[in-house]
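K.L.:
fold the following.
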Amino acid sequence: MSLSKRKRSQILSNFNADGFVFIPNFFSIDEIGSILRNLKRVIEDVLPNIPENEVFYENQRDLSMLKQISTLNRHDLFFYNLLINPRLIELSELLLNDPVIVKYLAYFNKPALIGKETPPHQDAYYFKISPPVALTIWVALESSDEENGNVKYIRGSHLKGMRPHGKSGTFGFSQQILDFGTDEDLSEEVSLQVKAGDILVHHSLTIHRADKNFSESRSRKGLGGVYYGKTAQEDTLI
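P.N.:
Numbering: from 1, shown residues only. Now for the predicted structure:
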């Protein structure tokens, strides 16, 4: 999908105001099909060689319960090339107003019925960068809604700094915002339903979360690509 000048302007305006933006049909059905075929190949053939600390399961070592692979791009050329897709880099540089450094591409899944909630958090807490000039692009690989644990954002939260985080007890998402649930949080929460090929882009300070998967038959698969602005400096001492 190519973006017109008018569309780019609207996307940037929405991102700056809300801290996130929804872009439908960014990837074609054929592109999503190719991603899913290569994901299946990676799970079958490459996963055994990926370090255990980069792979998370709802039930340990049960492939049907696989919930996360944290750095697909480091272990497979197809997913490295997807991370450096010129359309994704162009979009990231537009939204961050900065040349970008590609960081990593992660796979996320909430298996039917057992996929646990994603606690409210800000990605910048994990990134340890200053200033927090970074974003995440969520690529929907299948439909996601209230039933199977779609992503929810707190509108405008990227403008209000870092909230206190602490241990969440959720495997794969170790940290959560400790004071989440204020009246302002709840009034500004936006629940976004997506279908395969849509993308969501959020700033590293945007608060987001997802409920557990209540569906008896539908999983919730997606990819998360992380991009830092070149002005962001990593704290190597943490």
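K.L.:
quick check: mean pLDDT of the helix or strand harbouring residue 186?
P.N.:
Using DSSP states H and E, residue 186 maps to helix 183-187. Helix 183-187 comes out with an average pLDDT of 96.
K.L.:
run through who's touching it.
P.N.:
120, 154, 157, 207 (Cβ atoms under 8 Å, 6 or more residues apart in numbering). C-betas here are computed from N, CA, C, even on glycine.
K.L.:
which stretches of this protein form helices?
P.N.:
5-18, 29-41, 77-83, 86-96, 123-127, 183-187 (DSSP state H).
K.L.:
dump those helices to CSV, plus distance to residue 106 and mean neighbour count.
P.N.:
CSV is the format used below for these (distance: least, Cβ to Cβ, whole Å; neighbours: other Cβ atoms under 10 Å):
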stretch, distance to residue 106, mean neighbour count
helix 5-18, 21, 14
helix 29-41, 12, 14
helix 77-83, 10, 17
helix 86-96, 14, 18
helix 123-127, 11, 18
helix 183-187, 25, 11
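K.L.:
I'd like the ones you listed as JSON lines, with distance to residue 48 appended.
P.N.:
Output for those, formatted as JSON lines (distance: least, Cβ to Cβ, whole Å):
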{"stretch": "helix 5-18", "distance to residue 48": "39"}
{"stretch": "helix 29-41", "distance to residue 48": "13"}
{"stretch": "helix 77-83", "distance to residue 48": "16"}
{"stretch": "helix 86-96", "distance to residue 48": "28"}
{"stretch": "helix 123-127", "distance to residue 48": "26"}
{"stretch": "helix 183-187", "distance to residue 48": "41"}
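K.L.:
still on that earlier bit, from the chain's centre, how far out does the helix holding residue 186 sit?
P.N.:
22 Å (Cα atoms, centre = their mean, to the nearest Å).
K.L.:
apart from its neighbours in sequence, what residue is nearest residue 195?
P.N.:
residue 143 (4.7 Å; Cβ to Cβ, 6 or more residues apart in numbering).
K.L.:
of the contacts of helix 183-187, which pair is most distant in space?
P.N.:
Using Cβ to Cβ, those span at most 9.6 Å, a distance reached by 120 and 157.
K.L.:
shared neighbours of the two, which are they?
P.N.:
Common neighbours of residue 120 and residue 157 (criterion: Cβ under 8 Å, 6+ apart): 185, 207.
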